[in-house]
Each structure stands twice: as structure tokens, then as C-alpha cells.
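**Student:** sharing a sequence plus its predicted fold:
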Amino acid sequence: MRLAPFCVATLALAMGACSADDKSSASRQSDLGTGINTVDRQYVKSASETWDAATAVVKGYEFKLESDQHDAMGGELHARRANGEKVVVRVRSLDERNSNVSVRVDPGNRNMAEMIHEKIADKVGLKEAKSAFFGGNSCEGTYPNTLDSCVKAAEEAAKRLKLTVTNREIKDGAAIVDAREANSTPVQFKMKKVDEGTRVTFIAGREKTEATRDLANRMKAEFENCCTAKGN
């Protein structure tokens, strides 16, 4: 049976509308209310360790715990801040020694989500003392720039490399900017005043690997780009 052109066109439009609705619905379901303000990080710790840390952080902030479902492979907790913002933390095991943690603070408080992650990292021992950074790959350079301008360039370089800055210290002619990759690999920009200007050491990771060597070199290159861009 042949359909009239009008019927064919109507049927095509209807099918297109259904397809669009189905796609939109699938997107909403897969999003699970997360979106761009959700902060994900990988930790070199088991799911049970990061779960215990996340729970301790929520209690430490005195959030009201609304639900807590977990097992050895991870879980999900829901809590509420005093101002009404909802906090959702999801922990997922990647293997015996690694896990992924997702944090969202509705209605999109990304800064608070980052703060929660920093507390979790602190709890599981990833916010190490400065000496713990040594052992990874490093490179250095000396620049005719002030210490303050080098600190700013380091922070901008970290931002461009999508590193999360976790600490900044300036004291007695020296400075440190600590940061971390999304997978929790620590990095450090270590700066010191010298006669020629400022000597900067770029340190990446806890072990000497090809990946940390590449990261240290990228830190140095991006730092130099930031110094040039700012005309420091």
C-alpha cells in the first residue's frame, strides 16, 4: 500500500519527534543530576578507604546525612548543608588499590565540591608533606623574574594544564605552589630567589616514569609561556 505524500511527511515528523524525545530522556537519565559542576577524581586508595574518608569529611562539616548505601566496591551518600544545598558523593572501585570519587553540591557549588575533595585527599594521606614529592621526575630553569611574578605564572600554568592548586606558600625568598592532576598525581613548582632572578624546579609525581617526566616538562614549558604572556 502506498501512502500519500502528506501522510509520509507527517509520519516522518512524528518519528523524528519521538526520536528526539527518546534521546533527551536518555540524556537526562544518564546525567543523573550531575553535569559540569560535578568534580571527579581518582585516588590511589581502595574504595573502602576513600569511602571512610568521604564519610568522615561529611561528618566533619556537620552536614545532615540523609542516606548512606555502600559495600566493598563503593557506594553513594546524600547529605544536606545547613543552607539547604544537597551534597552527593559517589565512590566507585577501579581496582584493589584505586578508586574514583564523584562529588556534587547542588545547585552547582563547584567550589564546595573541590573543598570536599581536598578534605578527602587529606584524610587518605594524599596531601603529603613537601618532602613526599621528591622521587618523581623534575627539571628546572632560572628566570630573570621576581619571585611574586613566578608564583603567579606557576598558578596560571597549573590552570592551563588543568591541575588543581592545593597549596601556596611564600616565605624568606622562597615559594612553593602545590597542585594535583585529576588522578591525584601530585606536582610542585618550587621557587627560590637567586642572583640571576628566580630558580624554579618543576616536580611531578612520586616515581620516575615516562608520564611524570613528560608532565614535568609540560609544567616547565607552560610556566615559560605564562611568563612570556604576562611580560614578566
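**Tutor:** Here it is on my side, so go on.

**Student:** from here on, just use CA atoms for contacts and neighbour counts.
**Tutor:** OK.

**Student:** any chance you could map the strands in the chain?
**Tutor:** Ranges of strands within the chain are 39-43, 64-71, 74-80, 86-95, 98-105, 137-143, 164-171, 174-180, 186-194, 197-204, based on DSSP state E.

**Student:** now the spatially most central residue of the chain. Nearest residue, chain neighbours left out?
**Tutor:** Geometric centre of the chain, nearest residue: Ala182, 4.1 Å, by CA atoms, centre = their mean. The shortest distance from Ala182 to any non-neighbouring residue, by CA to CA, 6 or more residues apart in numbering, is to Arg41 (5.1 Å).

**Student:** let's see the pLDDT reported for the one you found.
**Tutor:** Here the pLDDT value assigned to Arg41 is 85.

**Student:** residues contacting it?
**Tutor:** When contacts are counted by CA atoms under 8 Å, 6 or more residues apart in numbering, Arg41 touches Asn100, Val101, Ser102, His117, Ala182, Asn183, Ser184.

**Student:** could I have the buried ones of those residues as ChimeraX selection syntax?
**Tutor:** In ChimeraX syntax, the buried subset of the contacts of Arg41 is picked out as below (16 or more other CA atoms under 10 Å):
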select :100,101,102,117,184
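
**Student:** among the contacts of Arg41, which two are most distant?
**Tutor:** The two members of the contacts of Arg41 with the most space between them (CA to CA) are Ser102 and Ser184, at 13.2 Å.

**Student:** quick one: residues contacting Asp71.
**Tutor:** By CA under 8 Å, 6+ apart, Asp71 lies in contact with Ser48.

**Student:** beta partners of it?
**Tutor:** Gly74 (DSSP bridges).

**Student:** where's it relative to Thr55, distance?
**Tutor:** 13 Å (CA to CA, to the nearest Å).

**Student:** care to break the chain down by domain?
**Tutor:** Domain assignment of the chain by automatic domain parsing yields the ranges 39-123, 130-230.

**Student:** of the contacts of Arg41, which is the nearest to Lys59?
**Tutor:** Looking across the contacts of Arg41 and measuring by CA to CA, the closest to Lys59 is His117, at 14.0 Å.

**Student:** skipping adjacent residues, who's closest to the closest one in space?
**Tutor:** Val103 (7.5 Å).

**Student:** so where is the chain shaky, pLDDT-wise?
**Tutor:** Low-confidence segments of the chain (pLDDT under 70): 1-35, 126-135, 229-232.

**Student:** one more time with 50, if that's ok
**Tutor:** Residues of the chain meeting the criterion pLDDT under 50: 1, 3-34, 128-133.

**Student:** quick one, what contacts Val87?
**Tutor:** For Val87, the contact set (CA under 8 Å, 6+ apart) comprises His78, Ala79, Arg80, Arg81, Val103, Arg104, Val105, Asp106.

**Student:** pull out the buried members of the residues you listed.
**Tutor:** Taking 16+ other CA under 10 Å as the criterion, what is buried in those is His78, Ala79, Arg80, Arg81, Val103, Arg104, Val105, Asp106.

**Student:** nearest to Lys220, out of those: which one, please.
**Tutor:** Of these, the one sitting nearest to Lys220 (CA to CA) turns out to be Val103, at 30.7 Å.

**Student:** any idea how far the closest one is from Glu76?
**Tutor:** According to CA to CA, Val103 and Glu76 sit 10 Å apart.

**Student:** many thanks, I have nothing further to ask.
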